[in-house]
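S.K.: Need a 3D model of the sequence below.
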Amino acid sequence: PLGAVLSQLPVDLPMGKLLVLATLFNLEDELMTIAAALSVQSPFLRVDPGSDPSKAREKFTSEEGDAFTLLNVYDEWIR
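M.R.: Below you'll find the model as predicted:
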């Protein structure tokens, strides 16, 4: 059962469920990236002094939500 699998993972339950379901939909890479990004400080908190954080975030914003915005940031960083 799902609960038995989740109890073996070293993450909180919602994150564990996300990771388990990612395997069912063949989205492991994307959701592992999102899980990692959600477990650390927002990359938008460390911007240059005097710059506008909303402008830095603007080009990465996703209509699907903040998790996908973080995925866009990671994808851009990898390039």
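
S.K.: Low-confidence regions, the chain specifically.
M.R.: 46-48 (pLDDT under 70).

S.K.: try it again with 90
M.R.: The model of the chain has pLDDT under 90 over residues 1-2, 34-59, 65-67, 70, 73-74, 76-79.

S.K.: Was I right to think residue 2 contacts residue 20?
M.R.: Yes - taking Cβ atoms under 8 Å as the definition, residue 2 is a contact partner of residue 20 at 6.7 Å. All C-beta atoms are positioned from the backbone trio N, CA, C, and that covers glycine.

S.K.: where along this protein do the helices fall?
M.R.: Secondary structure of the chain (DSSP state H): helices located at 2-7, 13-24, 28-38, 53-58, 66-78.

S.K.: for these, which one sits closest to residue 45?
M.R.: The minimum distance between residue 45 and the helices of the chain falls on helix 53-58, with 7.5 Å, by Cβ to Cβ.

S.K.: Residue 18 - how many residues pack around it?
M.R.: 18 (other Cβ atoms under 10 Å).

S.K.: give the contact list for it.
M.R.: 31, 34-35 (Cβ atoms under 8 Å, 6 or more residues apart in numbering).

S.K.: can you tell me which of those lies nearest to residue 59?
M.R.: residue 34 (18.5 Å).

S.K.: how deep is the closest residue to that closest one other than its chain neighbours tucked in, by neighbour count?
M.R.: In this structure, residue 34 finds its nearest non-sequential neighbour in residue 67, 4.8 Å apart by Cβ to Cβ, 6 or more residues apart in numbering. Residues within reach of residue 67, counting by other Cβ under 10 Å, total 16.
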